[in-house]
Each structure stands twice: as C-alpha cells, then as structure tokens.
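Need the 3D shape of this:
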Amino acid sequence: MTQHERPSLSLNQVCQILSSSYRRQVLSYLQTKDADVANLDELVTHIHTKNGTPTTTEQVRISLLHTHLPKLADYGVIEYDRRNKDIRYRDGTKLEDFLEAIPTT
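Numbering: from 1, shown residues only. Okay, here's the model as predicted:
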C-alpha cells in the first residue's frame, strides 16, 4: 500500500477497529483536526478528559502505545512516528461513516 492510498477494510475489520472506545476517540479526534497530524501528548490529554472512567494520563498513554495505536497502524488507518510521537491520520472515509452512527465513548 502506498503512503496516500486508502486502506481497504472489510466490515469485520471496521467492527474490530471501532469496538474500542479509545480507538473511536482517537479517530474522532483526528477526523476533527484541521491538520492530519496529532501529537501523542495532545491525544492522551484529549482522551483522558473525554474518558468517563477514572484513569490516569499515564494509563491512557500506555494503552494507546501498546494496544490501540499499533492496531490502527496495522490496519493502515494511521501512521505512528515513535521518534517524534506524531500520529498521522490516513483517509478513513469508511470508518468516518460508521463513526457518525455510534458514540465515541
């Protein structure tokens, strides 16, 4: 897949991606940003404030780094630059259609 090519996702993959509120929050945040790049720290802060459970920012960061960002990257929805801690959103039009129908939290 080239850098700017849309990921081709099956319905099962879309359901797997959107099954986590953290992943929905990541996608919703990236979708609404003017730029297609977000920094890990701003994403952690956003999710921590939106999340209804009593978690620390460090717990959110660990969960994103070890579970949710790798899964989104594996499906080709984001690119994560570990050195700069930048998350680049790839065109996820199919995901955005589903995101409109389900809550992010």
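
Going by secondary structure, the residue nearest to the spatial centre of the chain is in what exactly?
Nearest residue to the geometric centre of the chain (CA atoms, centre = their mean): Val26, 3.3 Å. Using DSSP states H and E, Val26 falls within helix 21-32.

What is that helix packed up against?
Counting contacts by 3 or more CB pairs under 8 Å, 6 or more residues apart in numbering; DSSP states H and E, helix 21-32 is packed against helix 11-18, helix 40-50, helix 69-74, strand 86-89, helix 93-99. For glycine as for every other residue, the C-beta is placed from the backbone atoms N, C-alpha and C.

Roughly how far does His68 sit from Ser20?
Per CB to CB, to the nearest Å, His68 is found 6 Å from Ser20.

distance from the centroid: which residue in this structure tops it?
Pro54 (20.4 Å).

Figure out which of the helices and strands packed on helix 21-32 is closest to Gln31.
Smallest distance to Gln31 across the helices and strands packed on helix 21-32 (CB to CB): 5.8 Å, for helix 93-99.

now the closest one: mean pLDDT?
In this model, helix 93-99 has a mean pLDDT of 66.

from the chain's centre, how far out does stretch 38-48 sit?
Distance of stretch 38-48 from its chain centroid, counting by CA atoms, centre = their mean, to the nearest Å, is 10 Å.

Can you list the buried residues in it?
The neighbour-count check on stretch 38-48 (16 or more other CB atoms under 10 Å) flags Ala38, Leu40, Leu43, Val44, His46, Ile47, His48 as buried.

Cys15: which of the residues you listed is nearest?
For these, the residue nearest Cys15 by CB to CB is Ile47; the value is 20.7 Å.

circling back to that earlier point, so is the residue farthest from the centre of the chain in a helix, a strand, or just coil?
The local conformation at Pro54, judged by DSSP: H, G, I helix; E, B strand; the rest coil, is coil.
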